[in-house]
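K.L.:
Below is the sequence, then the predicted model.
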Amino acid sequence: YHYDEYVSKKNVYDEFKNFIKDDAQDQDVEACLRKILTFSGYYKEFTVKSSDGDLEESFEFFRNINQTTAYPYMFHLMEKKDQKELEKEELCRILRFLESYYIRRLMLGKGNAGYSQTFSTLAKKINNQSSSSTYADKVYTHFANNLSGNQKFVLDEEFIKGLPDVDFYSDKNKKNIKLFLGKIINSQTKEKIDINKPDAYSIEHIMPQTLTEKWRKDLGENYQEIHEKFVNTIGNLTVTAYNSELSNKPFHIKKRDFYAKSSINITRKIAENEKWGESEIRERSKDIAKRICSIWVSNDLQSYREKY
């Protein structure tokens, strides 16, 4: 299997034939088929379900965001685990770090161009490091020092600063809103909720998508600018079971009758505000950004720049 070069989708079959013809010529057919079977098993874990609960948490994440570009590298990690070259605990740490890499870039609307090339050659680049540190440390070192521009890891400061201005109700982000908010909700409670349960929960705009006269008055003379800029940002979105009932109601009614009584922590916390406008939305966006940074951590990449 090639861990050191990028193979485009259209060339996979030709490369596979080359593998059988050249790379596998010193192996018997049975050994070659066993390897194919092993990698088929990995692929099933990635795309269907893993029997290992710890690994499944990360594999499910990649399935949910429909990102397959990390699979070539994940094949390598799984093989290292099975060959006793990588402990499962360390593998889980690396997978969670890769989650962080993807989620931070995804939430800021960063493009995904180049992901395939980045991950298809990642194994070789990391294996070539001369450091005697752990394999996970080599991964962090590579991301800290060798990725730049459009491929770099988004650190906490950039993420917290950039998140409040991102449109989360765009077609590109809408399908992931529940994933983001559900992860935050379940990180704060022992009793987990299934946010994707059909007809159970929906995304609610706190400042509504269509402003009433009361909302325009409460927002002030700049209501149109505030609405256009912040209505679809993460700070103005929450999860509720009462979306159709909330509709365009004034904030004080939403707060009293729904938010304050909600069983969902990030929704109940909204009721601590006396009013709802630009400053409240920005502050909530920053709070959510900080919470995301504590869930999908950066592993203090800056220290790896300084250390190695």
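P.N.:
Looks like it arrived, so ask away.
K.L.:
What's the separation between T238 and R96?
P.N.:
To R96, T238 is 26 Å away according to Cβ to Cβ, to the nearest Å. To be clear about C-beta, it is placed using only N, CA and C from the backbone, and glycine gets the same treatment.
K.L.:
These two: who's more crowded?
P.N.:
Taking other Cβ atoms under 10 Å, T238 and R96 do not tie; T238 has more neighbours (24 against 17).
K.L.:
which secondary element of the protein has the worst mean pLDDT?
P.N.:
helix 243-246 (a mean of 67; mean pLDDT, DSSP states H and E).
K.L.:
so how far is the helix or strand immediately after it in the chain from its chain's centroid?
P.N.:
Where DSSP states H and E defines the elements, the next helix or strand beyond helix 243-246 is helix 251-257. In terms of Cα atoms, centre = their mean, to the nearest Å, the gap separating the centre of helix 251-257 from the centre of its chain is 32 Å.
K.L.:
For helix 251-257, buried residues please.
P.N.:
F251, K254, K255 (16 or more other Cβ atoms under 10 Å).
K.L.:
Equivalent analysis for stretch 175-187, please.
P.N.:
N176, I177, K178, L179, F180, L181, G182, K183, I184, I185, N186.
K.L.:
Tell me the gap between it and the middle of its chain.
P.N.:
Averaged C-alpha coordinates place stretch 175-187 at 10 Å from its chain's average position (Cα atoms, centre = their mean).
K.L.:
do the same with stretch 83-100
P.N.:
16 Å.
K.L.:
correct me, but W215 touches Y223?
P.N.:
Yes - counting by Cβ atoms under 8 Å, Y223 is a contact partner of W215 at 7.3 Å.
K.L.:
what does stretch 58-70 contact?
P.N.:
45-47, 49-50, 71, 92, 95-96, 98-99, 102-103, 106, 112, 115-116, 118-119, 176, 179 (Cβ atoms under 8 Å, 6 or more residues apart in numbering).
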